[in-house]
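**Q** can you look at this prediction? I've put the sequence above it.
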Amino acid sequence: MIKNKIVNAAILIIGNEILSGRTQDTNTATIALWLNSIGVKVKEVRVIPDIEKVIIDTVNELRKINDYVFTTGGIGPTHDDITAESISKAFNLKYGIHNKAFRILEAYYKPGEFNKGRQKMVWMPENANLILNPTSGAPGFNVENVFCLPGVPSILKSMLGGLKDKITGGEPILSHTISLRTVESEIAKSLTNVQKNNKDVEIGSYPFFQAGKLGVSIVIRSEVRSKIEKCSGQILDFVNEKKIEVVDR
């Protein structure tokens, strides 16, 4: 952990199926929550198609301005899984069979099952570091600060634990939520004043609908717990003054 340093990351969701709406992206939330817990702040998220030039250009842009880049999707066995080859070209590395990955999958599958299609999953950038997969065998990989993960949410989630020693974060990003039975317009001015008095704390308001009634959740985020507590106290002051109900979500 690096104290007093902001460590940033970008998440790059790769896949035509996300852009078409056929598949819903849940990986962003999974990665972002995990990164926050180890002190890495997600700076931006992009969703791009399975087009080689777009992948190469986007990866090269993001890896230069972020401490870490996480990609999801496009490392499977089908013809449109082109992330690994695109990453190779982004780093000007040879694309070929990763011997260690080959041995892992050869041992994972029953004799005769590790066919040519599945062998595509062991083609990676030269000397890539593997990210082990405890769920379905096929590893992800990283090159420098770019980490490539599968698109299947359950598999991706199972692989994050193996990355902890490879990521150096800052102070963990803490959060506190206050949920109110109100509408945003009723608290907008008061919340703006609290934000002005706490410029180094991130405050967000998010409407919700529960039990047939509208409400607003206020989320306070900071690396310092005392700053969250101070900000929370100021919010509760105007909430009590306005006689707004605090609800449990």
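**A** Everything's here; your move.

**Q** now stretch 238-249, how far from the centre of its chain.
**A** With C-alpha atoms, centre = their mean, to the nearest Å as the basis, stretch 238-249 stands 32 Å off its chain's centre.

**Q** now swap in stretch 211-218 and tell me
**A** Using C-alpha atoms, centre = their mean, the offset of stretch 211-218 from its chain centre is 26 Å.

**Q** what mean pLDDT does it have?
**A** Averaging pLDDT along stretch 211-218 yields 90.

**Q** repeat that for stretch 25-44.
**A** Across stretch 25-44, the per-residue pLDDT values average to 94.

**Q** how long is it from one end to the other?
**A** For stretch 25-44, the first-to-last residue distance is 15 Å (C-alpha to C-alpha, to the nearest Å).

**Q** name the residues of it that are buried.
**A** Within stretch 25-44, the residues that count as buried by 16 or more other C-beta atoms under 10 Å are 25, 27-28, 30-32, 34-36, 38-43. For every residue, glycine as well, the C-beta is placed using N, CA and C.

**Q** check what pLDDT Leu174 gets.
**A** 87.

**Q** that one contacts Val219, correct?
**A** No: contact between Leu174 and Val219 fails when scored by C-beta atoms under 8 Å: they sit 11.0 Å apart.

**Q** shared neighbours, these two?
**A** By C-beta atoms under 8 Å, 6 or more residues apart in numbering, Leu174 and Val219 have no common neighbours.

**Q** can I get the CA coordinates of the top helix by length along the chain in PDB?
**A** When the chain is parsed with DSSP state H, its longest helix is helix 225-241. Extracted in PDB, the C-alpha atoms of helix 225-241 (Å, rounded to 0.1, in the frame of the first residue of the first chain):
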ATOM      1  CA  ARG A 225     -12.700   7.900   7.800                       C
ATOM      2  CA  SER A 226     -12.700  11.100   9.900                       C
ATOM      3  CA  LYS A 227     -13.500  13.100   6.800                       C
ATOM      4  CA  ILE A 228     -16.500  10.800   6.000                       C
ATOM      5  CA  GLU A 229     -17.800  11.100   9.600                       C
ATOM      6  CA  LYS A 230     -17.500  14.900   9.500                       C
ATOM      7  CA  CYS A 231     -19.300  15.100   6.200                       C
ATOM      8  CA  SER A 232     -22.000  12.700   7.300                       C
ATOM      9  CA  GLY A 233     -22.600  14.800  10.400                       C
ATOM     10  CA  GLN A 234     -23.200  17.900   8.300                       C
ATOM     11  CA  ILE A 235     -25.600  16.000   6.100                       C
ATOM     12  CA  LEU A 236     -27.600  14.700   9.000                       C
ATOM     13  CA  ASP A 237     -27.700  18.200  10.500                       C
ATOM     14  CA  PHE A 238     -29.700  19.500   7.500                       C
ATOM     15  CA  VAL A 239     -31.700  16.200   7.300                       C
ATOM     16  CA  ASN A 240     -32.900  16.600  10.900                       C
ATOM     17  CA  GLU A 241     -33.600  20.300  10.300                       C
END
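
**Q** show me the strands in this protein, by range?
**A** 7-14, 40-48, 68-72, 95-97, 123-125, 129-131, 140-143, 146-149, 174-181, 202-210, 213-222, 245-247 (DSSP state E).

**Q** mean neighbour count, these: which tops it?
**A** Among the strands of the chain, strand 68-72 has the highest mean neighbour count (mean count of other C-beta atoms under 10 Å), at a mean of 28.

**Q** partners of that one, with directions?
**A** strand 7-14 (parallel), strand 146-149 (parallel) (DSSP bridges).

**Q** list the contacts of the residue nearest the centre of the chain.
**A** The chain has Ile31 as the residue nearest its centroid, 2.9 Å off, counting by C-alpha atoms, centre = their mean. By C-beta under 8 Å, 6+ apart, the contact set of Ile31 is 11, 42, 70, 72, 149, 156, 160.
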